[in-house]
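# 3D model of this:
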Amino acid sequence: MSAGQVAVVLDASALAAFIDGQVSVGELIAEVADEGRTVGVPAACLAAAYAATSSEVSSALLTLLTTTPTITVLPLGAEAGNDDARQAGVLARAADGDIALGHAAHSAIAHQAHLATADPKAAAAVLPAGWSILDLGEP
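A predicted model of the protein is given here:
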């Protein structure tokens, strides 16, 4: 992967783990930054994380995270005529309609990136067999 390329995509569960202070998320972001690459945060995952926050501190942490140079917020359907929404929706079907996970899986596939998640079982149900899933769950 070249410099600046999205190396890892964080799903909504990874963002929730970050808010909860799970160190592995910050360590992963720092490692990607050291390589000169970026971490993608799908917009649907970010919206889901904001919706799940119960405090101003949590909301501020998400805002701070997404304004760091290593993080790139990935839009859904960035190009006119793009079929991203359909593809993310089809993937979401395998996740019981979880649009955020569908968008995360689609983003990981589109960028040929690892998917970082605190719920690897759900991610494995959506991604192609053998896809690189980074488990950010509690050790």
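
# use CA for all of it now, contacts and neighbours both
Fine.

# Just give the closest residue to Leu127, not the sequence neighbours.
Ala105 (6.1 Å; C-alpha to C-alpha, 6 or more residues apart in numbering).

# so how many other residues sit close to that neighbour?
Here the count is done by other C-alpha atoms under 10 Å, and Ala105 has 29 residues near it.

# which helices and strands sit right next to the helix or strand encompassing Ile29?
For Ile29, the element it lies in under DSSP states H and E is helix 23-34. Judged by 3 or more C-alpha pairs under 8 Å, 6 or more residues apart in numbering; DSSP states H and E, helix 23-34 is in contact with helix 12-19, strand 38-42.

# which SS class is the residue nearest to Leu127?
Of the three states, Ala105 takes helix under DSSP: H, G, I helix; E, B strand; the rest coil.

# Could you double-check that it sits in contact with Gln87?
No - in this structure, Ala105 is not within contact of Gln87 by C-alpha atoms under 8 Å, at 9.6 Å.

# Find the one among the helices and strands packed on helix 23-34 with the highest mean neighbour count.
Most buried of the helices and strands packed on helix 23-34 by mean neighbour count (mean count of other C-alpha atoms under 10 Å) is strand 38-42; its value is a mean of 27.

# which residues touch it?
For strand 38-42, contacts defined as C-alpha atoms under 8 Å, 6 or more residues apart in numbering pick out 4-11, 29, 32, 66, 70-76, 100, 103-104, 107.

# For it, which strands pair with it and how are they oriented?
Under the criterion DSSP bridges, strand 38-42 sits next to strand 6-10 (parallel), strand 71-74 (parallel) in its sheet.

# Skip ahead from it and say which helix or strand is next.
helix 43-52.

# about what we covered before: what sits up against the helix holding Ile29?
By C-alpha under 8 Å, 6+ apart, helix 23-34 touches 7-8, 14, 17-18, 38-39, 70, 136.

# For it, buried residues please.
For helix 23-34, a neighbour-count test (16 or more other C-alpha atoms under 10 Å) marks 24-25, 28-29, 32-33 as buried.
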